[in-house]
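S.K.: Sequence unavailable; structure follows:
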């Protein structure tokens, strides 16, 4: 399996609802690959082919990309938690060790 294909399958299992229709899955996959393409373009655009190893500037670019992605996904997690709490269906754990509490 190819790298992004494998990442897509992981993402699909985690983020796409099982009851999602064919069109929703396809559109989500398009957006996923568009994001991957943008990431590669950003990395290639900052890479200097004359350098054998990354330098501090390269590391800073990667760190800023990672920070941006981390903030985005934390925002999604916060939105999901608020929506679920509003529905009073589930209480999300505050840490990885805490249990998920489902109410009825």
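M.R.: Great, that's in hand. This is a predicted model, so every value here is computed, not measured. Numbers count the residues shown, from 1 in each chain.
S.K.: Give me the contacts around the helix or strand where residue 23 lies.
M.R.: Using DSSP states H and E, residue 23 sits within helix 22-46. Outside helix 22-46, the residues that touch it by C-beta atoms under 8 Å, 6 or more residues apart in numbering are 4, 7, 8, 11, 12, 15, 16, 20, 58, 61, 62, 65. The way it works is simple: take the backbone N, C-alpha and C, and place the C-beta from them, glycine included.
S.K.: And for stretch 3-16?
M.R.: Contacts of stretch 3-16 (C-beta under 8 Å, 6+ apart): 1, 24, 25, 28, 29, 32, 33, 36.
S.K.: Give me the buried positions along the biggest helix by length in the chain.
M.R.: Looking across the chain with DSSP state H, the single longest helix is helix 56-87. By neighbour count on 16 or more other C-beta atoms under 10 Å, the buried set for helix 56-87 is residue 61.
S.K.: Between helix 22-46 and that helix, find me the angle.
M.R.: Computed with axes from the mean of the first three to the mean of the last three C-alpha atoms, to 10 degrees, the direction of helix 56-87 lies at 160 degrees from that of helix 22-46.
S.K.: Over helix 56-87, what's the mean pLDDT, rounded is fine.
M.R.: In this model, helix 56-87 carries a mean pLDDT of 81.
S.K.: What of stretch 35-50?
M.R.: In this model, stretch 35-50 has an average pLDDT of 82.
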